[in-house]
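Enquirer: need a structure here:
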Amino acid sequence: MRDAVTSGRDGTESGRYRVVALVVGYLLVLLGLAALTGWLLEVEIIISIVPGFPSMAFNTAICFVLSGVGLATSMETGKPNRIVPVIACGLAALLSGMRLMEIITLGRRIHNVDMFLTQFFVSPTFVEQVGGGMGPNTALIFLITNLSILFALYGRRSRGQLVQELSSYIVITLGMIALAGYITHAEQGYRWGPYAAMALPTAVGLVAFGCGLLARSWWMLPTNRAQIPLWIPASICFTSLIVDLYTPLGVANGILYVPLVLTALWFGNRNAPIFFAFVCTLLILLGFFAVNHAENEYWREAANRSITAATLWLIAIFVFYFMRNSQHLEAERIRFSALVRTTPDAVIAIDEAGRIMSFNPAAETMFGYTPQEAIGRNIKMLMPEPYHSEHDAYLSNYRRTGEERIIGTTRMVSGRRKNGVVFPIDLSVSAVVGGSSKTFVGIVRDISERVRQEERMKTTLAQLEAYTADLERSNHDLDEFAYIASHDLKEPLRGLHNHSRFLLEDYEDKLDEDGVRRLNRLVRLSQRMEKLVNDLLYFSRIGRQQLAVKRTDIGSIIRDVATTMELLLEERHAKIVIDGVLPEVVCDAPRLTEVFRNLITNAIKYNDKPLPLVSVGYLERYVGKDGMTARNVFYVKDNGKGIPEEFYEDIFRIFKRLEKSQDSEDGTGAGLTFVRKIIGRHNGEIWLESQVGIGTTFYFTLGRKREGQNAAA
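Expert: Next up is the predicted model:
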């Protein structure tokens, strides 16, 4: 809200500055038109105002019209609105610049620019009667002012404002010097050397022009405006010059200009003291050269005024650095204040007596008190018991002994809201020393949600501990059940198997062919049942046993598997090929051997080609047909029957077989289930790609098994 009020105030003042600049621009146009009318009607009193005083030159009047138009139209924003002020100010700068060049190169008696313009409108007799021409001081002012407007239109906003403000001070100073010269009858004020003088209406118009230019600069950046009425430094400037002209006391008169430099403290622009020192230097020089000096006093007064100017510049430099440091401190204060206002934590400052000095919006939200209700009251109003009763004693003990129990630390305590609700907080207190007093700043964070989360976490941990204990009991019971089941199941199975064998051995000649076949079938089924029981028990143990991981050469595993499968490879005319170099991995070697044995065995058993081929390899980066990517991937590829896509998931289910067989040597259908379980224990994944009639490729990864070690290295 405060920022909005400030913004609204700046907007209102910016509008006022705009109005002032527009009014000054229109007045300059009227002044120039009035002077041009006096020239066209050949009425000297209109262009000189006071009989016997210098008259406003014809080209000066034109410059007033152009400058007024340029100043007024430059207040419009937008690029299309720049054409008129650029043309007007450009022509005025051109006229004044040509006049300056004419004075510098041709001397004081040549007025070619003025004569060229007047010969078309004014009779030579009237021109000869009025004489003059634009003075060098007038030409310099018009050149500076119009160039500053052009720079403000096209330069950076901050630099344009600075240049324009500086130009306005110079213009106002030179105009006031001319006015002071007329008041004190010191011709040096309005006439520079032997050249044409600045007319009285010209001096008035230029002072107004400087004020309009200053208003325009503050309109551009209202924050740089002076916080003191401009008439105060102007009055100091004017009064000091008058006193200096009438009482040329040298160093003593320099004291009069010190307040002018000090008024810069109330200006938003930190360069103001430098500007005022420049103005004061001009006034000191004017006060010196505007008065005739005795020959024996000339150098003494010159030395005195040099010391005065140097002293003023020294004061201006001190003020400049003071303002710069003050602005830096103010900027830091504003940033800190913004941080305090926007922080989600409550920030509360108290004095040594425990009275609240500041109360930020977060504290207002947290405790329910407004700043008006809290500031000035004792901080213990925000504390429940026992902190409420102990706080005054703690402060008293701290003042007496200097013992710090909570300062510089963060503690978990309790706070009390306006409605009496007590809630947990984190409190950090620091002491800030300022002179002979101390301020304590507390940062308060509401940790109610954190405490609730911790309570929920404790409850969850307790439940997890209970679940873990139940799971351990369940696993223990499962192990006991597995042992008992394996023993109790295997015993009747062995009995069935043995009795069937005994019957075949002892009574085979007494049984018919169908009886022998059935007994052989019973033997095979009992053997298969024993395999199923063994596989089931093995599957239950895979998930509970710890992995014995170590760095293992995968190539050696494949070679071992091929050695143990020599008979199967010869029988099926199969071949195992290693593609490239297989890396070393951190894994449980026996388990991973089982993975490769199962995958290679299936690739050979379920292969309808006359020469089964199994390829084992490794990919640093894998990109699937569906766009899936993976790193450090192993694969086992065959040229067998292939697997239809609808069975990709079924093949990993325990005891699930895609092809039924009566061969007692066939497996139980648990091999791929074991493979997925073992790879999962290694934090890996397994998937496949297959084409019916062409072959199948199983891919799998092995995850990180030990801190700092990759699965594949």
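
Enquirer: Relative to Gly212, how far out is Gly90?
Expert: 18 Å (Cβ to Cβ, to the nearest Å). C-betas here are computed from N, CA, C, even on glycine.

Enquirer: show me where the stretch 51-200 of the chain has helices.
Expert: With DSSP state H, counting those that start in this stretch, the ranges of helices along the stretch 51-200 of the chain come out as 58-73, 83-106, 112-118, 124-130, 136-154, 157-184, 187-190, 200-220.

Enquirer: State the mean pLDDT of the last one.
Expert: Yep, that's helix 200-220 we're talking about. Summarised as a single mean, pLDDT over helix 200-220 is 86.

Enquirer: And for the fourth one?
Expert: Across helix 124-130, pLDDT averages out at 73.

Enquirer: hmm, back to that, quick one, which of the helices of the stretch 51-200 of the chain is nearest to His497?
Expert: Closest to His497 of these is helix 157-184 (Cβ to Cβ; 100.4 Å).

Enquirer: Quick one: residues in contact with stretch 201-209.
Expert: 24, 27-28, 31-32, 35, 47-49, 56, 60, 64, 67, 71, 135, 138, 141, 145, 171-172, 174-176, 178-179, 182, 190, 198 (Cβ atoms under 8 Å, 6 or more residues apart in numbering).

Enquirer: Any chance of TSV for the helices of the stretch 51-200 of the chain, columns distance to Arg501 and mean neighbour count?
Expert: Formatted as TSV, the helices of the stretch 51-200 of the chain follow (distance: least, Cβ to Cβ, whole Å; neighbours: other Cβ atoms under 10 Å):
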stretch	distance to Arg501	mean neighbour count
helix 58-73	120	26
helix 83-106	116	18
helix 112-118	137	17
helix 124-130	148	13
helix 136-154	111	23
helix 157-184	106	21
helix 187-190	140	21
helix 200-220	111	25
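
Enquirer: so which of those gets nearest Leu262?
Expert: helix 157-184 (15.7 Å).

Enquirer: what's the angle between that closest one and helix 136-154?
Expert: If you take axes from the mean of the first three to the mean of the last three Cα atoms, to 10 degrees, helix 157-184 sits at 160 degrees to helix 136-154.

Enquirer: Next, the angle from helix 157-184 to helix 200-220.
Expert: Going by the same axes, to 10 degrees, helix 157-184 makes 150 degrees with helix 200-220.

Enquirer: which other helices and strands contact helix 157-184?
Expert: helix 136-154, helix 187-190, helix 200-220, helix 231-246, helix 272-289 (3 or more Cβ pairs under 8 Å, 6 or more residues apart in numbering; DSSP states H and E).

Enquirer: And those, which one averages the lowest pLDDT?
Expert: In terms of average pLDDT, helix 231-246 trails the rest of the helices and strands packed on helix 157-184, at a mean of 58.

Enquirer: mind listing the strands for the stretch 351-500 of the chain?
Expert: With DSSP state E, counting those that start in this stretch as the criterion, the stretch 351-500 of the chain has strands at 356-359, 410-416, 422-434, 437-446.

Enquirer: So in that sheet, which strands flank the first one, and in what orientation?
Expert: Paired neighbours of strand 356-359 in the sheet (DSSP bridges): strand 346-350 (antiparallel).

Enquirer: from the chain's centre, how far out does the strand or helix carrying Arg559 sit?
Expert: Assigned by DSSP states H and E, Arg559 falls within helix 554-564. How far helix 554-564 lies from its chain's middle: 58 Å, per Cα atoms, centre = their mean, to the nearest Å.

Enquirer: Let me see the residues that make contact with it.
Expert: Residues from elsewhere that reach helix 554-564 (Cβ under 8 Å, 6+ apart): 569, 576, 578, 581-585, 589, 592-593, 596-597, 600, 616, 618, 634.

Enquirer: circling back: with distance to Gln463 and mean pLDDT added, can I get the strands of the stretch 351-500 of the chain in a markdown table?
Expert: Converted to a markdown table, those look like this (distance: least, Cβ to Cβ, whole Å; pLDDT from 0 to 100):
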| stretch | distance to Gln463 | mean pLDDT |
| --- | --- | --- |
| strand 356-359 | 42 | 87 |
| strand 410-416 | 25 | 84 |
| strand 422-434 | 23 | 82 |
| strand 437-446 | 27 | 83 |
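
Enquirer: The ones you listed: which one's closest to Arg18?
Expert: strand 356-359 (37.8 Å).

Enquirer: Just the helices from the stretch 301-450 of the chain, written as ranges.
Expert: Taking DSSP H, counting those that start in this stretch as the criterion, the stretch 301-450 of the chain carries its helices at 361-367, 371-374, 387-401, 448-507.

Enquirer: out of those, nearest to Lys625?
Expert: The closest of the helices of the stretch 301-450 of the chain to Lys625 is helix 448-507. By Cβ to Cβ, the value is 40.5 Å.

Enquirer: what bits of the stretch 551-700 of the chain have low per-residue confidence?
Expert: 654-669 (pLDDT under 70).

Enquirer: rewinding a little: give me the buried entries from the contacts of helix 554-564.
Expert: Buried subset of these (neighbour count, 16 or more other Cβ atoms under 10 Å): 569, 576, 578, 582-583, 585, 589, 592-593, 596-597, 600, 616, 618, 634.

Enquirer: Mind pulling up the pLDDT for Gly254?
Expert: At Gly254, the predicted lDDT confidence score is 59.

Enquirer: Going forward, count from 693.
Expert: New numbering, starting at 693: the last item is Gly946.

Enquirer: Just read off the phi/psi values of Asp1280.
Expert: phi -90, psi 100 (degrees, to the nearest 10).

Enquirer: Number of residues surrounding it?
Expert: Asp1280 has 20 neighbouring residues, counting by other Cβ atoms under 10 Å.

Enquirer: follow-up on the earlier one: if you average pLDDT over each of the helices of the stretch 993-1142 of the chain, which is lowest?
Expert: Among the helices of the stretch 993-1142 of the chain, helix 1079-1093 carries the lowest mean pLDDT (a mean of 70).

Enquirer: Among the buried ones among the contacts of helix 1246-1256, which are located in strands?
Expert: 1268, 1270, 1277, 1308, 1310, 1326 (DSSP state E).

Enquirer: measure the residue lying farthest from the centre of the chain to Leu1196 for me?
Expert: In the chain, the greatest distance from the average C-alpha position (Cα atoms, centre = their mean) is reached by Lys1202, at 97.6 Å. Applying Cβ to Cβ, the value for Lys1202 to Leu1196 is 11 Å.

Enquirer: now Gly1376
Expert: 47 Å.

Enquirer: Looking at these two, which has the bigger crowd around it?
Expert: Gly1376 (22 against 16).

Enquirer: for the more buried one, helix, strand, or coil?
Expert: coil (DSSP: H, G, I helix; E, B strand; the rest coil).

Enquirer: residue contacts, it?
Expert: Contacts of Gly1376 by Cβ under 8 Å, 6+ apart are 1392-1395, 1403.

Enquirer: What does it show for phi and psi?
Expert: Dihedral angles (degrees, to the nearest 10) for Gly1376: phi -110, psi -180.

Enquirer: Distance-wise, check it relative to Cys1279.
Expert: 9 Å.

Enquirer: want to throw the helices of the stretch 743-892 of the chain into CSV with distance to Ser998?
Expert: Compiled in CSV, the helices of the stretch 743-892 of the chain are given as follows (distance: least, Cβ to Cβ, whole Å):
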stretch, distance to Ser998
helix 750-765, 34
helix 775-798, 27
helix 804-810, 37
helix 816-822, 40
helix 828-846, 23
helix 849-876, 19
helix 879-882, 19
helix 892-912, 27
